[in-house]
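*Asks:* Need the 3D shape of this:
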Amino acid sequence: EMCLPLPDQSDRRGWEWHYVKRLCHAEACTLSGQSAYVNSVQFSPDGRSLVSAGGGNPFFNNPGQEVIPGEAILWDAATESQVHVLRGHKHIVDQAIFSPDGKLLASAGYDTSLCVWETATGAQRWAVTNLSAPIASLAFSRDGARLLTQTGDSMIHLWDTTTGQAVHSFRGTHATLSPDDRFLAFCDPQGKHVTLAEVATGKTKLTLPDRAGILAFSPDGRLLASGHPNIQVRDLSNGTEIPVVSQRPASVLAFSPDGTYLVSLEDRHGLVVIRGVKSGQVLHHCSHDSPVQCLALSPNGRQLATTGRDRAIFIWELQSGQRSKVLHGHTHMILGLAFHPDGRSLASASMDGAVKLWDITRDPRGHLFAASPDGAGEQLCCLGLREGGQRLVTVNTTHRRLDEWDVTTGKSVRRSTLDLIDKHACPRGDAALSADGRFLAAPSRSDHKVVKVWDVATGKEVAAFHGHRAAVCAVALSADGRLAASADQQT
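*Replies:* As a prediction, this is how the structure comes out:
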């Protein structure tokens with residue numbers, strides 16, 4: 001890509017270059033504009049916008065480096081353009097989230113401030129600048145009336161999103177709101193027990209004797225999962241513990257939207273485990289070649305996206321545990337993933353300073369063309385495109401056949417049997433297609449010393465060249481298709 005032809009130069013790239021590029025860059029588009037790393041990304045509830053958080057100076061701790069303010073950027077997902085650049089923090093911004101109605105944005109970073117913005121105008125509605133420590137996590141309540149923050153010194157606050165005033169404060173970690181906004185669950189700073197507090201009053205409703213490092217409610221709010229020292233699931237309606245097969249702590253816990261699966265990120269190697277909620281049994285393991293950094297569940301509960309230090313995004317089918325897609329495109333480690341509300345698109349945030357949008361319904365490999373019903377033992381000796389790239393031509397030397405495929409549908413549109421040399425005497429380069437895909441030249445099966453030319457569209461022989469004294473081993477056609485060159489095993 002660094003050697004692309006200039007406007008006055010001829011483009012020597014063929015279909016192979018574009019195919020390989022699609023494998024390496026499967027993204028639908030790239031959004032660039034963050035001043036440094038992109039730490040997180042999220043779609044708005046209606047899917048029309050997305051927000052990225054990052055910027056600043058990631059190397060501020062190095063000698064001679066200084067702290068630089070970061071920013072959150074609001075994007076139009078349809079036009080891929082910036083709507084607002086939100087600046088108000090004095091350090092790197094590492095998270096920004098939408099309110100449930102999409103009218104507000106909350107952002108936090110390495111400084112001790114919390115900012116709330118209006119998405120329509122980009123104006124700051126209110127801000128808190130004197131928190132006791134940087135904010136580690138942010139979450140809006142489902143009704144948008146409260147904003148939950150947790151700071152690095154184990155302080156939890158619930159804020160009124162209209163006034164910007166703290167409504168309740170607690171001492172603890174790993175706070176999470178129940179789906180109905182009635183309860184707040186959190187661990188004590190030592191991780192020895194879990195507290196369930198009423199959001200309306202701030203009073204403690206229940207204390208569970210569970211050690212916990214991470215917490216997650218099921219979608220119906222009936223179950224509470226905890227992740228340390230191993231995974232536990234408790235039924236809050238009766239206080240009983242549901243048996244779960246687990247031997248490792250989890251750093252991330254998430255229920256699928258339908259409550260069928262519990263997904264966890266476990267052990268120092270970043271192993272992703274999928275369990276059945278009813279059975280508590282491990283159903284599938286998902287792993288990368290490097291530790292998994294983050295994950296995201298699709299809104300329909302069918303797919304899981306994971307990414308690691310290998311800069312690749314894996315898409316997994318939750319039911320089968322099979323990896324269905326691998327997406328490449330980022331040049332540095334990926335820090336955040338977010339599904340579009342319709343589940344068809346995925347956004348990623350990376351240390352390369354880019355946000356990439358991916359169409360996960362499209363296979364970046366394109367179509368797989370089946371040479372035969374089972375595809376086993378087939379040998380294709382040449383490929384080419386014709387009709388302006390709308391047709392793919394393949395030569396199958398196993399069955400001495402020419403196939404033509406529709407590149408849009410991946411279906412076969414024409415098949416011709418030719419007098420081709422068989423696969424055992426067919427080395428690489430022994431058959432050639434003209435640049436426009438109209439003609440095929442190859443050694444004859446009946447006489448290996450003869451080169452024959454066929455019309456691809458009709459499958460009819462149009463020429464035969466004699467003169468070799470040994471079997472032909474290589475054939476080539478000129479760019480305009482007017483000349484043919486061939487070589488045998490002696491010359």
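*Asks:* Leaving out sequence neighbours, find the closest residue to the residue nearest the centre of the chain.
*Replies:* Nearest to the mean C-alpha position of the chain, by CA atoms, centre = their mean, lies residue 313 at 4.2 Å. Sequence neighbours aside, residue 327 is the residue nearest to residue 313 in space, at 4.1 Å (criterion: CB to CB, 6 or more residues apart in numbering). Quick note: C-beta positions are derived from backbone N, CA and C, even for glycine.
*Asks:* Compute the number of surrounding residues for the one you found.
*Replies:* The number of residues packed near residue 327 is 24, by other CB atoms under 10 Å.
*Asks:* what does residue 490 give?
*Replies:* By other CB under 10 Å, the residues close to residue 490 number 9.
*Asks:* Return the alpha-carbon coordinates of stretch 77-94 using PDB.
*Replies:* Provided in PDB are the C-alpha atoms of stretch 77-94 (Å, rounded to 0.1, in the frame of the first residue of the first chain):
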ATOM      1  CA  ALA A  77     -22.300   6.800  11.600                       C
ATOM      2  CA  ALA A  78     -24.000   7.300   8.200                       C
ATOM      3  CA  THR A  79     -21.700  10.000   6.800                       C
ATOM      4  CA  GLU A  80     -18.600   8.900   8.700                       C
ATOM      5  CA  SER A  81     -18.100  12.600   9.700                       C
ATOM      6  CA  GLN A  82     -17.300  14.400  12.900                       C
ATOM      7  CA  VAL A  83     -20.300  16.100  14.500                       C
ATOM      8  CA  HIS A  84     -18.700  17.500  17.700                       C
ATOM      9  CA  VAL A  85     -15.300  17.400  19.300                       C
ATOM     10  CA  LEU A  86     -15.800  17.500  23.100                       C
ATOM     11  CA  ARG A  87     -13.000  19.100  25.000                       C
ATOM     12  CA  GLY A  88     -13.100  19.800  28.700                       C
ATOM     13  CA  HIS A  89     -10.800  17.300  30.300                       C
ATOM     14  CA  LYS A  90      -7.200  18.100  31.300                       C
ATOM     15  CA  HIS A  91      -5.800  14.600  30.600                       C
ATOM     16  CA  ILE A  92      -6.400  11.600  28.400                       C
ATOM     17  CA  VAL A  93     -10.100  10.700  28.000                       C
ATOM     18  CA  ASP A  94     -10.500   6.900  28.300                       C
END
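*Asks:* May I see the buried residues of that stretch?
*Replies:* Using 16 or more other CB atoms under 10 Å as the test for burial, stretch 77-94 gives 77, 83-84, 86-94.
*Asks:* Rounded mean pLDDT for stretch 37-46, please.
*Replies:* The average pLDDT within stretch 37-46 is 96.
*Asks:* got it, and stretch 184-193?
*Replies:* Mean pLDDT, computed over stretch 184-193, is 89.
*Asks:* Please give me every residue in contact with the residue nearest to residue 313.
*Replies:* Counting by CB atoms under 8 Å, 6 or more residues apart in numbering, residue 327 touches 26-27, 312-315, 346, 358, 360, 364.
*Asks:* What about residue 241, how many residues nearby?
*Replies:* Around residue 241 there are 11 other residues, counting by other CB under 10 Å.
*Asks:* let me redo that: residue 121
*Replies:* Using other CB under 10 Å, the number of residues around residue 121 comes to 9.
*Asks:* next one: residue 219
*Replies:* Counted with other CB under 10 Å, residues neighbouring residue 219 total 14.
*Asks:* how far away is it from residue 254?
*Replies:* Using CB to CB, to the nearest Å, we find residue 219 at a distance of 10 Å from residue 254.
*Asks:* Can you read off the pLDDT for residue 330?
*Replies:* 89.
*Asks:* residue contacts, it?
*Replies:* Applying CB under 8 Å, 6+ apart, the residues contacting residue 330 are 311, 348, 350, 352, 354, 356.
*Asks:* Assumed it was part of a helix.
*Replies:* No: using DSSP: H, G, I helix; E, B strand; the rest coil, the secondary structure at residue 330 is coil, not a helix.
*Asks:* Angles on the backbone of it, please.
*Replies:* Per-residue torsions, residue 330: phi -80, psi 150 (degrees, to the nearest 10).
*Asks:* shouldn't residue 80 be in contact with residue 28?
*Replies:* No: using CB atoms under 8 Å, residue 80 is not in contact with residue 28, being 9.2 Å away.
*Asks:* burial count for residue 142?
*Replies:* Using other CB under 10 Å, residue 142 is surrounded by 13 other residues.
*Asks:* which stretches of this protein have low pLDDT?
*Replies:* 1-6, 12-26, 268-269, 363-389, 397-400, 407-408, 410, 418-430, 491 (pLDDT under 70).
*Asks:* what's the farthest-apart pair in the contacts of residue 327?
*Replies:* Farthest apart among these by CB to CB are 27 and 314. That separation is 14.9 Å.
*Asks:* Next, find the distance separating the residue nearest to the centre of the chain from residue 355.
*Replies:* Distance, residue 313 to residue 355, by CB to CB: 13 Å.
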